[in-house]
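Undergrad: Here is a sequence with its predicted model. Questions after.
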Amino acid sequence: MASDKAYLEFILEQLSEVEGVSYRAMMGEYILYCNGKIFGGIYDDRLLVKPVKSAVALLPNAVFEQPYPGGREMLLVDNVDDRAFLSRLVCAMYPELPAGKPKRK
């Protein structure tokens with residue numbers, strides 16, 4: 001099931017205070033980036049983030065879910081209405097995220 005673009009726009013609005021947040025559409029879902037580093041995505045209208053240490057610490061009761069069958073488990077963010085929390089979460093995760101891969105020419 002593809003994610004609704006309206007949900008993506010809502011999440012992007014919630015993250016509007018975080019500099020460098022962008023997205024890429026991928027097979028009906030959306031990959032989320034912060035300054036070129038992938039921090040999560042929107043899958044089936046769910047915000048999922050990578051399970052780095054800071055995310056696990058800020059989301060101690062979060063459920064691990066697969067973004068799609070066979071995908072690596074990610075943390076489900078269910079508190080998407082709290083703009084300040086989402087900003088804090090992405091900013092805390094950023095230093096732990098691997099650098100983006102260079103684009104092929």
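TA: Received it, and whenever you're ready, just let me know what you need.

Undergrad: so for stretch 57-69, what's the average pLDDT?
TA: Across stretch 57-69, pLDDT averages out at 94.

Undergrad: tell me which residues in it are buried?
TA: Neighbour-count burial for stretch 57-69, counted by 16 or more other CB atoms under 10 Å, picks out Leu58, Leu59, Ala62, Pro67. C-beta: built from backbone N, CA, C; applies to glycine.

Undergrad: residues in contact with that stretch?
TA: Defining contact as CB atoms under 8 Å, 6 or more residues apart in numbering, one finds that stretch 57-69 is touched by 29, 41, 43, 46, 48-49, 51, 55-56, 72-78, 85, 88-89, 92.

Undergrad: Contacts only, for Glu73.
TA: Counting by CB under 8 Å, 6+ apart, Glu73 has contacts Pro51, Phe64, Glu65, Gln66.
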